[in-house]
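Undergrad: Quick one, fold the following:
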Amino acid sequence: MLYAQDTGGGEFYQLYRYDLADGRSTLLTDGKSRNVGAQWSRSGKWVAYTSTRRNGKDNDIRIIDPVEPQSDREALQVSGGGWSVLDWSHDEQKLLLGEYISANESNLHLFDLKTGKAERITPTADVKIMWAGGQFAADDRSIVTVTDQGAEFQRLAQFDLAKRQTTRVLTEMIPWDIEHFDLSPDGRTIAAIANVEGSSELRLIDTATGQFKETPRVPVGVMSGLEWHEDGVRLGFSLNSATSPTDAWSLDLSTNKLTRWTESETGGLDASTFSEPELVKIKSFDGLPMSGFLSRPNATRFPGRRPCLIMIHGGPEGQAQPMFMGRYNYLLNELGIATFEPNVRGSSGYGKTFLTLDNGMKREDSVRDIGSFIDALAKDDRLDATRFAVTGGSYGGYMSLASMIHYGDKLRCGVDVVGISNFLTFLQNTQDYRRDLRRVEYGDERDASMSGFLAKISPTARAGEIKRPLFIVQGKNDPRVPVGEARQMMDAVRQAGGTTWYLEAADEGHGFAKKKNADFFFMSLVQFLTEHLLKS
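TA: Predicted coordinates:
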């Protein structure tokens, strides 16, 4: 089997072959570049993957027979860091490639391994179109893909390779994004996951008729890892929910029976007693509808108005979903702190227009959404509006810092985890393979007007306005948001006379992955919130 591994959270992944016979691992890549997205050919002989080996920036396509490491070769040079291998054709003569440009724009390419020629197959258009993922049909004449072409949401579609056009939309009646799909080995059935207000719903589609098949209702949660068994009868997937960690499930189409195969650890706790999140809907400052998930402590154990921690997702094009909170259940069950996870403008799952509403010069509109959520939560008679706090990671870290600046009078404290503190230094220092992709989202700092705007809204420029305690958390080896972002924010707040806790892990990257570090951070977070949020 193959596996990928980095060092210290740096995300420069190397591919290794693990031999079951003797338990030895063999390095297959160069030990320096970033190698990701390995895809096995149908026969299991070849693997295609992307690598920055050539120049540290572009995700070129490489092919290798893992049994013969010397077979590794560069198959195609590309331009950009958003390329990926999606699928092998059944005759193993072609690769379907994805080219990610932004959260609203991507293309599909067909690469002929025999001729070495790659051709873009998705049409050019005056508007940006997303083509997400793809699989060859059984005859290799068409593919199944997900696209928002001609629609607000991402829909499952069949695409003819000869005609270079969409021939049938399969989920036209579902007004939500299709997030994942898998085509059965015989090509007769497509399993698809629809993202309905953050929760997953399973759909089975007959490829011949386009009709939906009867499907048992999967418990409320978030599905992933969708994959057919080779028999085409059984479908496997993972399911995560607020009251259950990620577990393995299957659906047997011959009986329409769901089976849960695993019971993930919860440290001896009864996960069924954990809080089920409530969907809270509001209208923001400009009337735009949006929502978030509110989890409350047990009212019997923690009566009266409770403090609330607002937890902002990253991305920016991420999405808060009703998933298992893990150790954060401690805040609810032991400290009596409510948690709220908002989906501000720019979040995925609510249509392509909503996704673009925080781009470029509109960046601070998403911060204003947090202000609207704070005002709405303050009216909840079970929440204590005098004890609100904010936290977030990555882009959510920036949002936390910005919220502390704009709404400091409504917040007790804030926690910034691997967050952007200055957009100009971030774009200058993030890894080369990411820079152009981030410019599409945040704006191109090489443009004078955009540079001035980014400098103006950067938290380091307004650090003196943060009057409440701030906790900054960072991994030293972070390739996405470099450690300098955290250190300069800490210095700026302290120089302005503010109170700042600072935690840096020498062996972590974009977030804390090692248990000892995650434990230390969480205990520090509990101490910070106990001191600055819980106290009256």
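Undergrad: For the residue nearest to Ala125 when sequence neighbours are not counted, give me its contacts.
TA: Of all residues not flanking Ala125 in the chain, Gln149 sits nearest, at 7.7 Å (CB to CB, 6 or more residues apart in numbering). Where C-beta positions appear, they are placed from N, C-alpha and C, glycine not excepted. Counting by CB atoms under 8 Å, 6 or more residues apart in numbering, Gln149 touches 125, 129, 131, 157, 166.
Undergrad: Low-confidence stretches in the stretch 151-300 of the chain?
TA: For the stretch 151-300 of the chain, applying pLDDT under 70 flags no range at all.
Undergrad: For it, which segments are assigned as strands?
TA: Counting by DSSP state E, counting those that start in this stretch, the stretch 151-300 of the chain has these strands, from start to end: 155-160, 165-169, 177-183, 189-196, 199-206, 222-228, 234-241, 244-252, 257-260, 278-283, 289-295.
Undergrad: by contact count, what packs against the longest strand along the chain?
TA: Ranked by residue count under DSSP state E, the longest strand found in the chain is strand 383-393. Strand 383-393 sits against strand 306-312, helix 363-378, helix 395-406, strand 413-417, with contacts defined as 3 or more CB pairs under 8 Å, 6 or more residues apart in numbering; DSSP states H and E.
Undergrad: possible to save those as TSV with mean pLDDT, distance to Lys476 and mean neighbour count?
TA: Putting those into TSV (pLDDT from 0 to 100; distance: least, CB to CB, whole Å; neighbours: other CB atoms under 10 Å) gives the following:
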stretch	mean pLDDT	distance to Lys476	mean neighbour count
strand 306-312	98	23	26
helix 363-378	97	27	20
helix 395-406	96	16	27
strand 413-417	98	14	28
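Undergrad: do you know which of these lies nearest Gly23?
TA: Among those, strand 413-417 comes nearest to Gly23, with 36.5 Å by CB to CB.
Undergrad: Which residues are in contact with the closest residue to Asp416 other than its chain neighbours?
TA: Using CB to CB, 6+ apart and skipping residues adjacent in sequence, the residue nearest Asp416 is Gly397, 4.3 Å away. Counting by CB under 8 Å, 6+ apart, Gly397 touches 314, 416-420, 481.
Undergrad: Report the contact partners of Ala505.
TA: Contacts of Ala505 (CB under 8 Å, 6+ apart): 474-476, 512, 514, 517, 521.
Undergrad: Which one of these is nearest to Leu437?
TA: Once CB to CB is applied, the member of those that ends up nearest Leu437 is Gly475, at 20.4 Å.
Undergrad: how near is the nearest residue to that closest one once chain neighbours are set aside to Asp252?
TA: If the residues on either side of it in the chain are set aside, Gly475 comes closest to Glu508, at 3.3 Å by CB to CB, 6+ apart. For Glu508, the distance to Asp252 (CB to CB, to the nearest Å) stands at 42 Å.
Undergrad: Neighbour count: those two, which is higher?
TA: Just comparing Glu508 and Asp252: by other CB atoms under 10 Å the higher neighbour count belongs to Glu508, 23 against 15.
Undergrad: just checking, the more buried one touches Lys516?
TA: No: taking contacts as CB atoms under 8 Å, Glu508 lies outside contact range of Lys516: 10.4 Å.
Undergrad: Mind checking which residue lies nearest the centre of this protein?
TA: Closest residue to the average C-alpha location of the chain: Gly318 at 5.2 Å, with CA atoms, centre = their mean.
Undergrad: roughly how far apart are that one and Ala157?
TA: Taking CB to CB, one finds Gly318 at 25 Å from Ala157.
Undergrad: ditto for Ser25
TA: 40 Å.
Undergrad: what's the helix or strand harbouring Ile472 packed up against?
TA: In the assignment (DSSP states H and E), Ile472 maps to strand 470-475. Judged by 3+ CB pairs under 8 Å, 6+ apart, strand 470-475 is in contact with strand 413-417, helix 483-495, strand 500-505, helix 515-529.
Undergrad: among the ones you listed, which is the most enclosed?
TA: strand 413-417 (a mean of 28; mean count of other CB atoms under 10 Å).
Undergrad: Beyond that strand, next helix or strand please.
TA: Next helix or strand after strand 413-417 toward the C-terminus (DSSP H and E): helix 423-429.
Undergrad: Quick check: buried residues in that following helix?
TA: 423-427 (16 or more other CB atoms under 10 Å).
Undergrad: can you give me the angle the helix or strand just after that helix makes with helix 395-406?
TA: Next along the chain after helix 423-429, taking DSSP H and E as the criterion, comes helix 432-442. On the basis of axes from the mean of the first three to the mean of the last three CA atoms, to 10 degrees, helix 432-442 is oriented at 50 degrees to helix 395-406.
Undergrad: list the buried ones in the longest strand of the chain?
TA: Buried residues in strand 383-393, defined by neighbour count with 16+ other CB under 10 Å: 383-384, 387-393.
Undergrad: Run the chain-centre distance for it.
TA: Computed by CA atoms, centre = their mean, to the nearest Å, the separation of strand 383-393 from the middle of its chain amounts to 23 Å.
Undergrad: So what touches that strand?
TA: 304-314, 338, 370, 374, 377-378, 398-400, 403-404, 410-419, 511, 529, 532-534.
Undergrad: Just give the strands next to that strand in its sheet, each with its orientation.
TA: Strand 383-393 pairs in its sheet with strand 306-312 (parallel), strand 413-417 (parallel), by DSSP bridges.
Undergrad: Which residue is the nearest non-sequential neighbour of Pro289?
TA: Distance criterion CB to CB, 6+ apart; nearest residue to Pro289, sequence neighbours excluded, is Lys283 at 5.7 Å.
Undergrad: And for the one you found, the neighbour number?
TA: 11.
Undergrad: Also Ala103?
TA: 21.
Undergrad: what do you get for Gly187?
TA: Counted by other CB under 10 Å, the residues lying close to Gly187 total 18.
Undergrad: With adjacent residues omitted, what lies nearest to it?
TA: In space, Gly187 is closest to Ala138, 3.3 Å off (CB to CB, 6+ apart).
Undergrad: now Arg164
TA: Ile121 is the one closest to Arg164 (CB to CB, 6+ apart), at 5.5 Å.
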